[in-house]
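Participant: sequence-free structure coming up:
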């Protein structure tokens, strides 16, 4: 398995963990689900999908209703997605 696939799998798992965390408000979990869909759909190149997902997650991080532990994990996911985006853009 290549590094990009591993990063994609790791971030998807982390997003799933947030989606199933019931201490996070439902509307925030729904937006996290939207970020996951943007990332995992097979439409468009991986770097564009990662950028779109980062944008959605950035909105979630700035939402005052996002709990601190969720915000911390989202920042970690965003960092991984930025790495993924850079690696995917060099492949093209």
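Facilitator: Nice, I can see it. Remember, it's a predicted structure, so these values are computed and weren't measured experimentally. Numbering: from 1, shown residues only.

Participant: pull out the buried residues from the helix ranked longest in the chain.
Facilitator: Across the chain, the longest stretch assigned as helix under DSSP state H is helix 68-91. For helix 68-91, burial by neighbour count (16 or more other CB atoms under 10 Å) applies to 70-71, 73-74, 77-78, 80-81, 84-85, 87-88. Glycine gets a C-beta too; all of them are placed from N, C-alpha and C.

Participant: how far is stretch 15-31 from where the chain is centred?
Facilitator: 12 Å (CA atoms, centre = their mean, to the nearest Å).

Participant: before we move on, what about stretch 3-19?
Facilitator: Using CA atoms, centre = their mean, the offset of stretch 3-19 from its chain centre is 8 Å.

Participant: tally up the residues packed near residue 38, please.
Facilitator: 20 (other CB atoms under 10 Å).

Participant: so who does it touch?
Facilitator: 49, 52-53, 56 (CB atoms under 8 Å, 6 or more residues apart in numbering).

Participant: take the residues you listed and keep only those in helices.
Facilitator: Using DSSP H, the subset of those located in helices is 49, 52-53, 56.

Participant: out of those, who's the most crowded?
Facilitator: Neighbour max across the ones in helices among the contacts of residue 38 (other CB under 10 Å) = residue 53, 25 neighbours.

Participant: was I right about that residue contacting residue 84?
Facilitator: No - at 9.3 Å, residue 53 does not count as touching residue 84 under the criterion of CB atoms under 8 Å.

Participant: can you list the low-confidence ranges for the chain?
Facilitator: Scanning the chain for pLDDT under 70 picks out 1, 92.

Participant: that older thread, run through who's touching the longest helix of the chain.
Facilitator: 3-4, 7-8, 10-11, 14-15, 17-18, 21, 23-24, 28, 32, 39, 45-47, 50-51, 53-54, 57-58, 60-61, 66.
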